[in-house]
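Peer 1: Model the structure of this input:
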Amino acid sequence: MTYAFSRRTLLRGSLGVTAAGAVGALTASGAEGAPQPGPLPSDAAIYGVPTVDPLISQRADPWITKPVGGMYYFTASVPEYDRLIVRGAPTIAGLAGAEETVIWRRPTSGKMGGHIWAPELHRIGGKWYIYFAAGDAGEVFRIRTYVMESALDDPRDPAGWTLKGQLATEWDGFTLDATSFTHKGRQYLVWAQSEPEIAVNTSLYIAEMANPWTLKTKPTRIATPTRSWEVIGFKVNEGPAVLIRNGKVFITYSAAATDANYCMGLLTASAGDDLLKRESWVKNPDPIFVTNEATKRFGPGHNSFTVAEDGVTDVLVYHARDYKAITGDPLYDPNRHTRVQKVYWHEDGTPMFGIPVGSGGPIVRLSPSDKPRSFVKHEGDVIRAAHAPRELELTQFRFVAAADGTETIQSVDQPGKFVTVSGTTVSLSATGTPVTRIATKGGVTIRVTPGKYLRHAGGRITVADKATVFRLS
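Peer 2: Below you'll find the model as predicted:
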């Protein structure tokens, strides 16, 4: 999906949407600014990321590449844990219906004949590489990391793939979830492993690479599960994914057992620091992405990152179930589905993940034009505007269209509640007040009744004769 406007334009808020998300522009009586005619993007264009949820069913540990030659490629764990698969499509949304190719199956006996877990697909030096974890037949949990290589341009072609072998680490122990990235001309590997004499299941390690299947340096342990949320069920740090932005190197990772306790943590290093030194990495004290009962998303984790079709918007790719109760070992429950949602950035340059947003249409945030670094949010059921709030989920809304052309404004983190107007008081409730968006210069005004509009004044959101223009971003 491509759009004939720039992301910078959207972030400036110079475009808006009409009540039904259609193309058009209307005049808002009393609006602060003249109306702006011309075509307007839909909420989907503003959000910029597919909202089909799940994107792909029964595919855990999902990995979506950034576009290569105009194509996104996808791989993941399958419930049978017996093969490596690849899909390709020119859009992220297109991966949902794309044909899936089996590029390798485990042998029926011996080495790599056990569980096949968490493949990742990387383009390095003009070739494709898949890092994956495999157990042995008869010893399925003797998990080690292996590397495959293809010199073909299309990683979906099984003919190109050859096994390079096991990726040897410092200890011949339980090893999985390898990911590779380049920073300042150096190729790195980050992975999860059980280290002898450390009483946890897995910790995270980093090393520089000599080539895509060989380590150049000894490993440095950069994280081990010590916090209460990391040790529920199992003591786990695993599934690292790298995001480099704003002078920082961020590594998300997953923790705890693979049930509803599964969640994501965050490590941060300065881009100028030595990434092979343990002291360069700071662990966020709290998880950054967890189960959400309201949106019915349980055990979110083992993520990766890609970018949207605009080439700029960061996209979080992760798996989660849509129910909490699991019969038997959660590892063998097949319904960890691939999901995607937008990554937002705080003004201090740190990522904001919010919550697993659940089903529904595209998401917008409303920023008053008189306070462009503030966002409309709810605090409990009170609606107000606040400067650069970190609680992303409190600032996320969906405009839900009605048959008469009006809309209601739905809270994303409390999907059973909607923006409601009573007199001049604006709050959340289970009913919701119909509103009409009207395009105007710099964004939209929001009409609640003829001649009455939402207005921002000193952090308060009220209703008045004179409208505030809200940017949608």
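Peer 1: Report the next helix or strand after the helix or strand of the chain with the lowest mean pLDDT in sequence order.
Peer 2: Every helix and strand of the chain was ranked by mean pLDDT, DSSP states H and E. The lowest is helix 7-12, at a mean of 35. Note on helix 7-12: by DSSP states H and E, the next helix or strand toward the C-terminus is helix 43-47.
Peer 1: what residues does whatever helix or strand comes next after that following helix touch?
Peer 2: Toward the C-terminus, helix 43-47 is succeeded by strand 60-64 as the next helix or strand (DSSP H and E). The contact list for strand 60-64 (CB atoms under 8 Å, 6 or more residues apart in numbering) reads 56, 72-77, 79, 92, 95, 117-121, 177, 239, 302-304, 306, 315, 317-319, 336, 338, 340. (Each C-beta comes from the backbone N, C-alpha and C, glycine too.)
Peer 1: Give me the buried positions along strand 60-64.
Peer 2: Of the residues in strand 60-64, A60, D61, P62, W63, I64 count as buried by neighbour count, 16 or more other CB atoms under 10 Å.
Peer 1: what is the orientation angle of the following helix or strand past that strand with strand 60-64?
Peer 2: Per DSSP H and E, the first helix or strand lying C-terminal to strand 60-64 is strand 72-77. Here strand 72-77 runs at an angle of 160 degrees relative to strand 60-64 (axes from the mean of the first three to the mean of the last three CA atoms, to 10 degrees).
Peer 1: helices and strands around strand 72-77, which ones?
Peer 2: The helices and strands touching strand 72-77, judged by 3 or more CB pairs under 8 Å, 6 or more residues apart in numbering; DSSP states H and E, are strand 60-64, strand 83-89, strand 116-124.
Peer 1: what's the spacing between that strand and its chain's center?
Peer 2: Relative to its chain's centre, strand 72-77 lies at 15 Å (CA atoms, centre = their mean, to the nearest Å).
Peer 1: quick one: strands adjacent to that strand?
Peer 2: If you go by DSSP bridges, strand 72-77 pairs up with strand 60-64 (antiparallel), strand 83-89 (antiparallel).
Peer 1: Reformat those strands as a markdown table; add mean pLDDT.
Peer 2: Formatted as a markdown table, these follow (pLDDT from 0 to 100):
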| stretch | mean pLDDT |
| --- | --- |
| strand 60-64 | 98 |
| strand 83-89 | 98 |
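Peer 1: Figure out which of those is closest to G110.
Peer 2: strand 83-89 (16.4 Å; CB to CB).
Peer 1: Give me the spatial nearest neighbour of V364, chain neighbours excluded.
Peer 2: For V364, ignoring the flanking residues on the chain, the nearest one in space by CB to CB, 6 or more residues apart in numbering is L472 at 4.6 Å.
Peer 1: Quick check: the gap between the one you found and T408.
Peer 2: For L472, the distance to T408 equals 16 Å [CB to CB, to the nearest Å].
Peer 1: who's more crowded, those two?
Peer 2: More crowded of L472 and T408, by other CB atoms under 10 Å: L472, with 22 against 18.
Peer 1: Tell me the bridge partners for the more buried one.
Peer 2: Where L472 sits in a bridge, its partners, by DSSP bridges, are L366.
Peer 1: That one and I446 touch, don't they?
Peer 2: No: checked against CB atoms under 8 Å, the pair L472 and I446 is beyond contact range at 10.4 Å.
Peer 1: where are the low-confidence patches of the stretch 1-150 of the chain?
Peer 2: Scanning the stretch 1-150 of the chain for pLDDT under 70 picks out the ranges 1-40.
Peer 1: can you do 90?
Peer 2: 1-41 (pLDDT under 90).
Peer 1: circling back to that earlier point, got the strands paired with strand 72-77 as JSON lines, with distance to D310 columns?
Peer 2: As requested, the strands paired with strand 72-77 are exported to JSON lines (distance: least, CB to CB, whole Å):
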{"stretch": "strand 60-64", "distance to D310": "15"}
{"stretch": "strand 83-89", "distance to D310": "16"}
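Peer 1: Of these, which is nearest V290?
Peer 2: Among these, strand 60-64 comes nearest to V290, with 17.4 Å by CB to CB.
Peer 1: chain center to that closest one: distance?
Peer 2: Here the centre of mass of C-alpha atoms in strand 60-64, compared against the chain's by CA atoms, centre = their mean, lies 11 Å away.
Peer 1: Would you mind finding the longest strand in the chain?
Peer 2: strand 139-150 (DSSP state E).
Peer 1: Relative to F298, how far out is the nearest residue to N335 once chain neighbours are set aside?
Peer 2: Excluding its sequence neighbours, the residue lying closest to N335 (CB to CB, 6+ apart) is R321, at 5.3 Å. Counting by CB to CB, the gap from R321 to F298 is 5 Å.
Peer 1: Common neighbours of the two, please.
Peer 2: A260.
Peer 1: Tell me which stretches of the stretch 351-473 of the chain form strands.
Peer 2: Taking DSSP state E, counting those that start in this stretch as the criterion, the stretch 351-473 of the chain contains strands spanning 351-352, 366-368, 374-379, 382-387, 397-401, 407-411, 418-422, 425-429, 436-440, 443-449, 452-457, 460-464, 470-472.
Peer 1: For W128, name its beta-bridge partners.
Peer 2: When bridges are called by DSSP bridges, W128 pairs up with R123, S150.
Peer 1: So in terms of bridging, what pairs with the residue most central in space within the chain?
Peer 2: Central residue of the chain (CA atoms, centre = their mean): L316, 1.7 Å from the mean position. L316 has these beta-bridge partners by DSSP bridges: F305, Q341.
Peer 1: quick one: contacts for it?
Peer 2: With contact set as CB under 8 Å, 6+ apart, L316 has these partners: F289, N303, F305, V340, Q341, K342, V343, F353.
Peer 1: The second one: what secondary structure?
Peer 2: With DSSP: H, G, I helix; E, B strand; the rest coil as the basis, the three-state label of N303 is strand.
Peer 1: Would you agree it is in contact with Y262?
Peer 2: No: between N303 and Y262 there is no contact under CB under 8 Å: 11.0 Å.
Peer 1: so what sits against both of those two?
Peer 2: Common contacts of N303 and Y262, defined by CB under 8 Å, 6+ apart, comprise S254.
Peer 1: Next one: the closest residue to G125 other than its chain neighbours from T179, what distance?
Peer 2: Computed as CB to CB, 6+ apart, the closest residue to G125 that is not its neighbour in sequence is P212, at 7.2 Å. Separation of P212 from T179 (CB to CB) stands at 12 Å.
Peer 1: Please parse this protein into its domains.
Peer 2: The chain breaks down into these domains under automatic domain parsing: 7-47+362-472, 60-352.
Peer 1: By mean pLDDT, show me the worst of those.
Peer 2: Lowest mean pLDDT of the domains of the chain: domain 7-47+362-472, a mean of 83.
Peer 1: That domain: how far from the chain's middle?
Peer 2: 24 Å.
Peer 1: and if you look at stretch 64-78?
Peer 2: Relative to the mean C-alpha coordinate of its chain, stretch 64-78 is positioned 15 Å out (CA atoms, centre = their mean).
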